[in-house]
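A.B. asks: Fold the following.
(chains A and B)
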Amino acid sequence: EAGVAQSPRYKIIEKRQSVAFWCNPISGHATLYWYQQILGQGPKLLIQFQNNGVVDDSQLPKDRFSAERLKGVDSTLKIQPAKLEDSAVYLCASSLGGGGAHTGELFFGEGSRLTVL
Amino acid sequence: GQQVMQIPQYQHVQEGEDFTTYCNSSTTLSNIQWYKQRPGGHPVFLIQLVKSGEVKKQKRLTFQFGEAKKNSSLHITATQTTDVGTYFCAGGAGNNRKLIWGLGTSLAVNP
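C.D. replies: Prediction:
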């Protein structure tokens, strides 16, 4: 079974530039997450999709971050303009989702490491 | 807001010693998950606990969920160098099954 695919693996940009990350979840997984993980810290949820609808984007800095999941499959996360503090690993994860009472296992991609100079 | 505290932040042990990390929530959780992240890697799911007082074992790893469903622990017996990494707990909360993540416990094992 193919895992969660993310690209690019690494990206270096200067502040005020823009960047986009792509994620293809495991086939059939209804729920997709974007997390930001700063070095030495735990994952911070940016946005959670259920199919192509947003479930939670309360911690997404909407003035500069945007995300979409058209057709309820793959997703893109964009940062424009980037700031120095956006340097982090951006992790995409997916889970079966559905109507259960619990989240279920999250499957993470390898992550996209962003460095903002 | 809801928080999940995890202690200790770091732990160094000699190979063969035991290790425990604790997770405490300010509110009742619907479930708790544990993940392991190797250095330079991504979080990998270990287990999910759902029931009050639940105990699950995976070889040398023992996971517990408290009776009040506000705390959890992960215990590793006789650590090995392959256990090195950061262990995260993530508690399920809210109607949208939101996961609240702890800050992790980084385990270093000296051979």
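A.B. asks: Contacts for stretch A:46-58 next, please.
C.D. replies: The contact list for stretch A:46-58 (CB atoms under 8 Å, 6 or more residues apart in numbering or on different chains) reads A:30-36, A:45, A:59-60, A:65, A:67, A:69-72, A:75, A:77, A:90, A:97, B:96, B:98. (Each C-beta comes from the backbone N, C-alpha and C, glycine too.)
A.B. asks: ok now do residue 29, which residues does it touch?
C.D. replies: No chain was given, so I picked chain A. A:S94, A:S95, A:L96, A:G97, A:F107.
A.B. asks: meant chain B actually
C.D. replies: With CB under 8 Å, 6+ apart, B:L29 has these contacts: B:K69, B:K70, B:G91, B:G92, B:A93, B:I100.
A.B. asks: Who wins on neighbours among the residues you listed?
C.D. replies: For these, the largest neighbour count, defined by other CB atoms under 10 Å in any protein chain shown, is 30 neighbours, found at B:G91.
A.B. asks: give me the beta-bridge partners of the closest residue to B:T105 other than its chain neighbours?
C.D. replies: In this structure, B:T105 finds its nearest non-sequential neighbour in B:T21, 3.9 Å apart by CB to CB, 6 or more residues apart in numbering or on different chains. Using DSSP bridges, the bridge partners assigned to B:T21 are B:L74.
A.B. asks: unless I'm mixing things up, B:T21 is touching B:Q11, no?
C.D. replies: Yes - between B:T21 and B:Q11 there is a contact under CB atoms under 8 Å: 7.3 Å.
A.B. asks: before we move on, the earlier item: where's the residue nearest to B:T105 relative to chain A, distance?
C.D. replies: Look at B:T21 and chain A: by CB to the nearest CB, to the nearest Å, they are 13 Å apart.
A.B. asks: closest to B:T79 among the contacts of A:H29?
C.D. replies: For the contacts of A:H29, the closest approach to B:T79 (CB to CB) belongs to A:F107, at 26.2 Å.
A.B. asks: Quick check: next helix or strand after the helix-or-strand element of chain B with minimal mean pLDDT?
C.D. replies: The weakest-scoring helix or strand in chain B, judged by mean pLDDT, DSSP states H and E, is strand B:98-101 (a mean of 86). Later in the chain than strand B:98-101, the nearest helix or strand by DSSP states H and E is strand B:105-110.
A.B. asks: Point out the other helices and strands that that following strand packs with.
C.D. replies: Other helices and strands packing on strand B:105-110, by 3 or more CB pairs under 8 Å, 6 or more residues apart in numbering or on different chains; DSSP states H and E, are strand B:10-14, strand B:19-25, strand B:85-93.
A.B. asks: Other residues contacting that strand?
C.D. replies: Residues contacting strand B:105-110 (CB under 8 Å, 6+ apart): B:6-15, B:19, B:21, B:76, B:79-81, B:83-87.
A.B. asks: Out of these, which end up buried?
C.D. replies: Among these, those classed as buried by 16 or more other CB atoms under 10 Å in any protein chain shown are B:Q6, B:Q11, B:F19, B:T21, B:I76, B:T79, B:D83, B:G85, B:T86, B:Y87.
A.B. asks: Would you point out the most distant pair within these?
C.D. replies: The span of the buried ones among the contacts of strand B:105-110, defined through CB to CB, is set by B:Q6 and B:T79 at 17.9 Å.
A.B. asks: Tell me which helix or strand residue 33 sits in.
C.D. replies: Just so you know, I chose chain A. Counting by DSSP H and E, A:Y33 is part of strand A:31-37.
A.B. asks: actually chain B
C.D. replies: If you go by DSSP H and E, B:Q33 is part of strand B:31-37.
A.B. asks: any residues touching that strand, and which ones?
C.D. replies: Contacts for strand B:31-37 (CB under 8 Å, 6+ apart): A:101-103, A:105-106, B:23, B:43-50, B:63, B:65, B:69, B:72, B:74, B:85-92, B:99, B:104.
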